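J.: Next input, structure requested:
(one chain, ligands or ions: 1)
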Amino acid sequence: MALLLILTLCLTLPLLLLFFLQNRRNIKNSSFPPGPIGIPIIGNLHQLNNSALYLQLWQLSKKYGPLFSLQLGLRSAIVVSSPKLAKEVMKDHDLECCGRPKLLTLQKFSYNGLDMAFSPYNSYWREMRKISVLHVLSSRRVSSFSSIRHYEVKQMMKRISMHASASEVINLSEVLMSLSVTLVCRIVFGRSYEDEGTEKSRFHELLNESQAMWGTFFFSDYIPFLGWLDKIRGLHTRLERAFKDLDKFYQEVIDEHNDPNRKTPAENEDIIDVLLQLQKQRSFSVDLTNDHIKAVFMNMLVAATDTTAATLVWAMTALLKDPRVMKKVQEEIRTLRGKADFLDEDEVQNFPYLKAVIKETLRLHPPAPLLVQRETNEACIIAGYEIPAKTIVYVNAWAIHRDPEAWKDPDEFIPERFLDSTIDFGGQDFEFIPFGAGRRICPGIAMANASLDLTLANLLNSFDWELPPGVKKEDIDTEKLPGITQHKKNHLYLCDRETLRNFEVGVCLAVQYIDIEVYHFPCAQYLAVKPNKKKRDTKKANSENAEGRVP
Ligand code: HEM
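T.: All right, here's what the predicted structure looks like:
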């Protein structure tokens, strides 16, 4: 990459001077927020670390203040890192700041902005948003999917119980990702991919490849006249292929749903059924074509799967790191649950501490720490600075959620802070914005909450999760994977107390996908975390035991 940049700079030397002069003008423009000085053409691109951008931007905000600027190639960007400025951007100037930048991958995958998430702000977006909020993601629609959630969470519990009684270690990250994918697939297009097979692996390949494309840097987005470099790197071909594969898949699903012989009871209507009915009704200002449906389909897959799974994994990680909170939340659930073995969606509404745990998880580990990039639709004044139209806007929710002026002990996991507080994630409290705020606020909050509450309540009700002997809570890391959604990098391996009962050992085990030691118990060997040792052994052991089976 660095070599490519240097080569490019040499090839475009004559243009450098021109842009340098232009850049100098920008730097001297005191009515634009301050920021790190970049180099001509590239701006600050070479200084940014995509794998933990929100952390880097947080560090920069300490130096340049809660509103600072970046030069991303030829594009200007501002970064907002305080609740006060988040309010200014997403409430006072929401209308001017609620656009989305046109980036190549987003454009391609969204059928040129026919979706909701990446469409620019215009009357088309307003209509699509209205259709989605009223017909696809309304509370009534979310409730109509409760039987699917109940069934799938029960299936997950059965799988965990089977692992526990077979004394197997469980890769909870994988279990929760699989649950999330299954829920989304069933709710959105009525398939479950329960069995391993070609269709399942094809679907996962499609998801993985599209995620890889989301995370790929395209010169065309920031330095358009260097777009030919993307072609040389084969990115256009790869993007086109990924798009075609996805398109084919969406078309198959639509054809299947349009098949007159398809038997679907009315109560099992999925989101594609709903969209196809709306298409037939033609009662909107937008005539829904298959491309519109495919674009919204893509939004649901991308926005719902990763975010829900990541939140659940972070919640379990935080609870394992804090036995006090784990005990308290389990006591709440087990005291109030009555005799129920399985808690349904109505019952989980009665657990205020569980809800506080989920909020605190979203505060400390927002799945979208930089929300979704916005763009100014027109020039506006923010914090006294003139922000031109077409400026990219990052709102650093991660920094805001840890602002010491807004939060006492901001780095600590203290769900109690939400118990006697009205602070919520509905977009009115700008110190807590895991779902964003303003016109672009996540429309899937009700859907996300339904899955989060139900899954976490049942995981905590039915199983005892503890740390293994010799493992300290500090050993569980919180490293993150690069990407739009913040996933825990090292998988969370756990077992339930049941497993150890089988071996007459009264402790439970949590194993991280990092450095390990092998513990010898009466009947089996367990893997447990120990930092800085035998890293290679871990990877080997894990690859040999893909199912997390204790050797
Ligand atoms: C824990 C789960 C989730 C989190 C943390 C989350 C977070 C977010 C965030 C931060 C945004 C950007 C808001 C902004 O730009 O201000 C967003 C947008 C969006 N989310 Fe979610 N989301 C979650 C689950 C879901 C689910 C389950 C769905 C749908 C089934 C969904 C659908 C969308 C859509 C369509 C948008 C784009 C809205 C627009 O641009 O108008 N999300 N989400």
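J.: wait, doesn't residue 272 sit right on residue 187?
T.: No - in terms of CB atoms under 8 Å, residue 272 does not count as a neighbour of residue 187; the distance is 10.0 Å. Backbone N, C-alpha and C define where each C-beta goes, glycine included.
J.: Neighbours of residue 193, how many?
T.: The number of residues packed near residue 193 is 17, by other CB atoms under 10 Å.
J.: okay, now the domains of the chain?
T.: Per automatic domain parsing, the structural domains of the chain span 2-101, 123-190+270-366+401-544.
J.: from the chain's centre, how far out does the shortest one sit?
T.: Read that as domain 2-101. Relative to its chain's centre, domain 2-101 lies at 24 Å (CA atoms, centre = their mean, to the nearest Å).
J.: low-confidence ranges in the chain?
T.: 1-30, 194-196, 264-267, 338-339, 466-471, 495-551 (pLDDT under 70).
J.: Residues of it that sit close to the ligand?
T.: Contacts of the chain with the ligand, taken as CB under 6 Å from any ligand atom, map to 116-117, 129, 137, 299-300, 303-304, 307-308, 311, 367-368, 371-372, 434-437, 440-444, 447-448.
J.: rerun at 5 Å
T.: Residues of the chain lying close to the ligand (CB under 5 Å from any ligand atom) are 116-117, 299-300, 303-304, 307, 311, 367-368, 371-372, 434-436, 440, 442, 444, 447-448.
J.: So which of those are in strands?
T.: Of those, none are assigned to strands by DSSP state E.
J.: Now tabulate the domains of the chain in JSON lines and tack on mean neighbour count and distance to residue 227.
T.: Formatted as JSON lines, those follow (neighbours: other CB atoms under 10 Å; distance: least, CB to CB, whole Å):
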{"stretch": "domain 2-101", "mean neighbour count": "17", "distance to residue 227": "11"}
{"stretch": "domain 123-190+270-366+401-544", "mean neighbour count": "18", "distance to residue 227": "22"}
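J.: any chance of those in CSV, plus distance to residue 244?
T.: Formatted as CSV, those follow (distance: least, CB to CB, whole Å):
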stretch, distance to residue 244
domain 2-101, 24
domain 123-190+270-366+401-544, 12
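J.: Compare these and give me the one nearest residue 236.
T.: Residue 236 sits nearest to domain 2-101 of all the domains of the chain, at 15.8 Å, using CB to CB.
J.: before we move on, could you check phi and psi at residue 227?
T.: Backbone torsions for residue 227, taken as degrees, to the nearest 10, come to phi -60, psi -30.
J.: whoops, I mixed them up, residue 47
T.: phi -90, psi -10.
J.: Can you tell me, leaving aside adjacent residues, what's nearest to it?
T.: residue 36 (6.4 Å; CB to CB, 6 or more residues apart in numbering).
J.: do residue 130 as well
T.: Residue 130's closest residue in space is residue 284 (CB to CB, 6+ apart), at 8.0 Å.
J.: likewise residue 31?
T.: Closest residue in space to residue 31, ignoring its immediate chain neighbours: residue 386 at 4.4 Å, by CB to CB, 6+ apart.
J.: My reading is that the one you found lies in a strand. Confirm?
T.: Yes - Residue 386: assigned to a strand according to DSSP: H, G, I helix; E, B strand; the rest coil.
J.: Can you give me every residue that contacts it?
T.: 31-32, 379 (CB atoms under 8 Å, 6 or more residues apart in numbering).
J.: is it in a bridge, and if so with what?
T.: residue 381 (DSSP bridges).
J.: Against residue 434, how distant is it?
T.: 30 Å (CB to CB, to the nearest Å).
J.: Need the three-state assignment for residue 36.
T.: Looking at residue 36 with three-state DSSP, the answer is coil.
J.: ditto for residue 130
T.: helix.
J.: ok, back up a step: just so I know, which of the domains of the chain lies nearest residue 218?
T.: domain 2-101 (10.3 Å).
J.: Run through the strands of this protein in chain order.
T.: 67-72, 75-80, 170-171, 374-375, 380-382, 385-387, 392-395, 492-494, 510-512, 516-520, 525-529.
J.: For the third one, which strands pair with it and how are they oriented?
T.: Translated: strand 170-171. Going by DSSP bridges, the partners of strand 170-171 are strand 492-494 (antiparallel).
J.: One more: the second one?
T.: According to DSSP bridges, strand 75-80 has the following sheet partners: strand 67-72 (antiparallel), strand 392-395 (parallel).
J.: Name the residues that touch that strand?
T.: 26, 32-33, 35, 43, 57, 60-61, 66-71, 86, 88-89, 101, 221-222, 382, 387-388, 390-396.
J.: Which residues are in contact with the residue nearest to residue 47?
T.: 44, 47, 60, 63-64, 68, 70.
J.: Residue 399 contacts residue 81, doesn't it?
T.: Yes - at 4.1 Å, residue 399 counts as touching residue 81 under the criterion of CB under 8 Å.
J.: which residues do these two both contact?
T.: 57-58, 61.
J.: How much space separates whatever residue of the stretch 451-551 of the chain ends up closest to the ligand from residue 424?
T.: Closest residue of the stretch 451-551 of the chain to the ligand, CB to the nearest ligand atom: residue 452 (6.4 Å). According to CB to CB, residue 452 and residue 424 sit 14 Å apart.
J.: Then residue 383?
T.: Distance, residue 383 to residue 424, using CB to CB: 26 Å.
J.: Report the buried residues of stretch 235-247.
T.: 235-236, 239, 242-243, 246-247 (16 or more other CB atoms under 10 Å).
J.: list the contacts for the closest residue to residue 328 other than its chain neighbours?
T.: Leaving out its chain neighbours, the residue that sits closest to residue 328 by CB to CB, 6+ apart is residue 353, at 6.2 Å. Going by CB under 8 Å, 6+ apart, residue 353 touches 328-329, 332, 415, 419.
J.: Farthest-apart pair in these, please.
T.: That would be 329 and 419, which, of the contacts of residue 353, are the farthest apart (CB to CB) at 11.8 Å.
J.: Would you pull up the residue in the stretch 151-300 of the chain closest to the ligand?
T.: Closest point on the stretch 151-300 of the chain to the ligand, by CB to the nearest ligand atom, is residue 299, at 4.4 Å.
J.: Would you check that that residue makes contact with residue 111?
T.: No - with contact defined as CB under 8 Å, residue 299 does not reach residue 111; the gap is 10.9 Å.
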